[in-house]
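Novice: Can you look at this prediction? I've put the sequence above it.
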Amino acid sequence: MINKSPRLYYETKLHASRKNDRHIGVYIIEHLPTGKFYIGSTQCIYTRVHQHMRALKNGVHRNTSLQALFSYIEDFLVTYTRLATIEEATRLEQLFLDENVGDERMLNKSLNAYNGLDG
């Protein structure tokens, strides 16, 4: 069996090395076939998105809805907005969460960006 990598597309090229460049911001991981999406904020977009992808590939992502989609078709688009501070990123994530309450495509379990660890 071939161990293939998931198809991961960035809206714009994210130039970041894992160790040196920190891109604080908000990211959206969208499952292309369904339009369903997950919103997050982080101090390093590159690292956080790849943590998500590693967990998905290993079948252990905390967000079971996102994991189920990944297991179905591994086709995702990542869009992101870079910001100056983690506080700005968390506020923008909360705004996105609030704007998408009730949208059945949103996969976030927690509607509170300030909790962060609920998936």
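Specialist: Sure, I can see it. Residues are numbered from 1 along each chain as shown.

Novice: Could you pull out the buried residues of the helix or strand where Gln67 lies?
Specialist: Assigned by DSSP states H and E, Gln67 falls within helix 64-72. Under the neighbour-count criterion of 16 or more other CB atoms under 10 Å, helix 64-72 has 65-67, 69-70 buried. Any C-beta I mention is one placed from the backbone N, CA and C, and that applies to glycine too.

Novice: now those in a markdown table, with pLDDT and distance to Leu83?
Specialist: Below are the buried residues of helix 64-72 laid out as a markdown table (pLDDT from 0 to 100; distance: CB to CB, whole Å):
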| residue | pLDDT | distance to Leu83 |
| --- | --- | --- |
| Ser65 | 96 | 26 |
| Leu66 | 95 | 23 |
| Gln67 | 95 | 28 |
| Leu69 | 94 | 27 |
| Phe70 | 90 | 27 |
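
Novice: hmm, back to that, beyond the helix holding Gln67, next helix or strand please.
Specialist: Sequence order places strand 75-82 as the next helix or strand after helix 64-72, per DSSP H and E.

Novice: what's the closest non-adjacent residue to Thr34?
Specialist: The shortest distance from Thr34 to any non-neighbouring residue, by CB to CB, 6 or more residues apart in numbering, is to Leu69 (6.4 Å).

Novice: for that neighbour, what are its contacts?
Specialist: 31, 34, 36, 107 (CB atoms under 8 Å, 6 or more residues apart in numbering).

Novice: ok, the second one to Arg105 distance?
Specialist: Think Thr34. 7 Å (CB to CB, to the nearest Å).

Novice: Then Thr81?
Specialist: 19 Å.

Novice: More neighbours: which of these two?
Specialist: Applying other CB atoms under 10 Å to Thr81 and Arg105 shows that Thr81 carries more neighbours, namely 18 against 11.

Novice: Tell me the bridge partners for that one.
Specialist: Val26 (DSSP bridges).

Novice: quick one, helices of this protein?
Specialist: 45-57, 64-72, 86-99 (DSSP state H).

Novice: Next, format these as TSV and append distance to Gly25.
Specialist: Formatted as TSV, the helices of the chain follow (distance: least, CB to CB, whole Å):
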stretch	distance to Gly25
helix 45-57	5
helix 64-72	19
helix 86-99	5
